[in-house]
Structures are given as C-alpha cells and as structure tokens.
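Student: Give the three-dimensional model of this entry:
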Amino acid sequence: MDLATLAVLNTERAARRATILVTDVESGAQRLVKAADLAADSLADALEKQLRMGKSALVEADGRAFFLTVQAPPPRVIVTGAVHISQAMAPMAKLLDLDLVIVDPRTAFATPERFPGVRLLTDWPDEALASLGLDGYTAFVALTHDPKIDDRRWRRRCARTASISARSAAGRRMGAGSNASRPRVSTRPQRSASTRRSGSTSGPSRRPRSRSRSWARSSRRCA
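Tutor: Got it, this is the predicted structure:
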C-alpha cells in the first residue's frame, strides 16, 4: 500500500467511515473505495455484500480475481443513564469487544467506582453526542428513565436505538396514539369517605395491588 492510500485510509478510519481496499491479485494494483463511493464502483455488488457482512473476501469479476479488504469501524454502544442496568451491560460489552460509552450528567451515578474501565461522559446527551457522533455502526440505548435526558435522541442517525421504561413512557416514545400512552380509567366502584375509613366496601372485593412495576421495552431504527 502506498503512503497516499494509507493516509486516506487513516483519515476515514479516524472519522469512523468504512472503506474497502481492492487488490488485483494478478497485478498487485490497489485502490481504496470509500463507503460513499461504493455504488459507482465496477465491483459495487461485491463491495456492498462484503461491507454488509463486515468480512474480507476473494472475489472474481470479468475473469480477474480481486481481494477485498474490508475496513469497517468497530461496533460502538452509547448509553444514556449510569444506572444499575448499565452496570450489568458494561462487562457484557467488554466480553463482546464493543466500544462502550456511558453518558449521564448526574455525576453521583456516573463514577469510575461504579463503572471501572468504562468511558464516562458527564455532559448532557446533546453535548456528548455532538462530540461523539452517531453512525451506522453505533447502537444507542436510553436507560435514564428521564424524558428530559432520553426522549430527544430518537431521531439521531444510528444503527439501532433501544430503551427500557414504564409502559406509559414507552407509549409516548413509540408515538402518540399508542394505547400505552393513554391514561387508564378505573372501572372500580368509588367508595365513600366513611367506607374508606372503615375498610369495607359494598362493591366486589378488591385484589391487592402488586408492588412490582410493569415495564415495557421499546426499540426502533433511527430515521
């Protein structure tokens, strides 16, 4: 590889943009194809296939053999919310060799003691994501349970977004009109003040309310 090609490759890699190095097996000639230029290349179909798979391969076209070296950005996960679920995700991301970044302006939660060896940003998500950038190799996970922090991120460009929240909040995230976003109306008979004090009721017996909270998981692809 010549120095000019190497310089372009390093520039694209630093910007988290994919490239494919095409090497003519017979002549040894090389050319670097950027992700934005794949469609116009003579090997467009083969290049797009290997880039989707994230794997290098030997291909043939017009009686010639070419080795395609895929250079794709490493998968990255950006999490808003330095919460207990994030603490469980951190070691799993490390085992999967994922680049994990946790963003939470609440400095009481985002501490090295709670997240050893994890990159922490204590900025507001708007500020953090502006510097980090989102791309097709990034997954975004919203875990703060706070709409002020989570909900404004849905329309960013990324590979996948996901959140975990109460059903009512999940309904609002997934769009107005969802049944989960509408307030629930009780159909139980109302008791008077005297019956509430005495603990008796003329209506059917009430089942004890569960202390466990119902949770809904929601995910969608970014636009």
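Student: I'd say residue 18 and residue 69 touch.
Tutor: No: the pair formed by residue 18 and residue 69 falls short of the contact definition of CB atoms under 8 Å, at 11.4 Å. Bear in mind the C-beta positions are built from the backbone N, C-alpha and C, glycine included.
Student: quick one, which of the two is more surrounded?
Tutor: residue 18 (20 against 16; other CB atoms under 10 Å).
Student: Any figure for the gap between the more buried one and residue 77?
Tutor: From residue 18 over to residue 77 the distance is 18 Å, taken as CB to CB, to the nearest Å.
Student: And residue 97, by the same measure?
Tutor: Distance of residue 97 to residue 77, given as CB to CB: 11 Å.
Student: if you count what's nearby, which of those two comes out ahead?
Tutor: residue 77 (21 against 8).
Student: Can you show me the CA trace of the helix or strand hosting that one as PDB?
Tutor: Element membership for residue 77, per DSSP states H and E: strand 76-80. Once side chains and other backbone atoms are set aside, the C-alpha atoms of strand 76-80 remain, and they are given as PDB (Å, rounded to 0.1, in the frame of the first residue of the first chain):
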ATOM      1  CA  ARG A  76     -20.000   1.000  19.400                       C
ATOM      2  CA  VAL A  77     -22.700   1.300  22.100                       C
ATOM      3  CA  ILE A  78     -23.600   4.700  23.600                       C
ATOM      4  CA  VAL A  79     -25.800   4.500  26.700                       C
ATOM      5  CA  THR A  80     -27.500   7.400  28.400                       C
END
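Student: mean confidence for that strand?
Tutor: The average of the pLDDT scores along strand 76-80 is 91.
Student: any residues touching that strand, and which ones?
Tutor: Strand 76-80 is contacted by residues 16, 86, 89, 93, 98-104, 125, 129, 132, 134, 137-144, 149-150, 153, 158 when judged by CB atoms under 8 Å, 6 or more residues apart in numbering.
Student: Show me the shaky parts of the protein.
Tutor: Residues of the chain meeting the criterion pLDDT under 70: 147-223.
Student: That one: strands as residue ranges?
Tutor: 19-24, 30-34, 57-61, 64-71, 76-80, 99-103, 119-121, 138-142, 160-166, 215-220 (DSSP state E).
Student: I'd like the ones you listed written out as TSV, with distance to residue 45 added.
Tutor: As requested, these are arranged in TSV below (distance: least, CB to CB, whole Å):
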stretch	distance to residue 45
strand 19-24	13
strand 30-34	13
strand 57-61	9
strand 64-71	12
strand 76-80	28
strand 99-103	30
strand 119-121	38
strand 138-142	26
strand 160-166	25
strand 215-220	29
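Student: what is the closest residue to residue 93 other than its chain neighbours paired to in the beta sheet?
Tutor: Computed as CB to CB, 6 or more residues apart in numbering, the closest residue to residue 93 that is not its neighbour in sequence is residue 100, at 4.2 Å. In this structure, residue 100 bridges to residue 77 when assessed by DSSP bridges.
Student: count of neighbours near residue 100?
Tutor: 23.
Student: roughly how far apart are it and residue 20?
Tutor: The span separating residue 100 from residue 20 equals 27 Å under the rule CB to CB.
Student: Same question for residue 127.
Tutor: On the measure of CB to CB, residue 127 and residue 20 end up 34 Å apart.
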